[in-house]
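S.K.: my questions are about this predicted structure, shown below with the sequence.
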Amino acid sequence: MDSELRELYQQVILDHNKSPRNYRVIEHPSHFCDGHNPLCGDTINIYLTIAEGIVKDISFQGSGCAISKASASLMSSIVKGKTIEEVKSIFEKFKDMVTGKLDVDLDSMGKLAVLAGVKEFPSRVKCASLAWHTLINAIDKKQEAVTTE
Ligand code: ZN
């Protein structure tokens, strides 16, 4: 990756950390889950309104490092309006991208591509994945808190 692109990605992460999207509580969520990454101290609460198999609304709150917050913010803006099937397939691709398992086509990842660099930092993979694991648990109605340990 050239340094100009790296710089751009950094800017996106900083922007989402500073002004996280969908950072609020949904009063009567149809689905919710809490997540915790003890390695870094990141915590997240995810709230969803799912109807007819579509994510009608999503929000989150929490505290943690810039990567965890930016990832949650990006995730929330990307999954809103998607079907459950679409959300799960994006999650699979995201997992492959951040763990470096597959050479994921970054063009197909949209804004999530800004997090591709975490694969070089194994401890950061958990920060970037926390919001997604928590989201999937919420969707599957597994309401016990997620932990990355
Ligand atoms: Zn973290």
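M.R.: The structure has been received and is ready for your questions. Numbers count the residues shown, from 1 in each chain.
S.K.: interface residues of the protein facing the ion?
M.R.: 40, 42, 64-65, 68, 127 (C-beta under 5 Å from the ion). The way it works is simple: take the backbone N, C-alpha and C, and place the C-beta from them, glycine included.
S.K.: sort out for me which of those are in helices.
M.R.: Members of the residues of the chain next to the ion lying in helices (criterion: DSSP state H): 68, 127.
S.K.: can you put the residues of the chain next to the ion in a markdown table and add distance to residue 100 and pLDDT?
M.R.: Supplementary listing: the residues of the chain next to the ion in a markdown table, determined by distance: C-beta to C-beta, whole Å; pLDDT from 0 to 100:
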| residue | distance to residue 100 | pLDDT |
| --- | --- | --- |
| 40 | 19 | 95 |
| 42 | 21 | 97 |
| 64 | 22 | 94 |
| 65 | 20 | 94 |
| 68 | 19 | 96 |
| 127 | 15 | 95 |
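S.K.: quick one: which of the residues of the chain next to the ion is nearest to residue 21?
M.R.: Among the residues of the chain next to the ion, residue 68 lies closest to residue 21 (C-beta to C-beta), at 14.3 Å.
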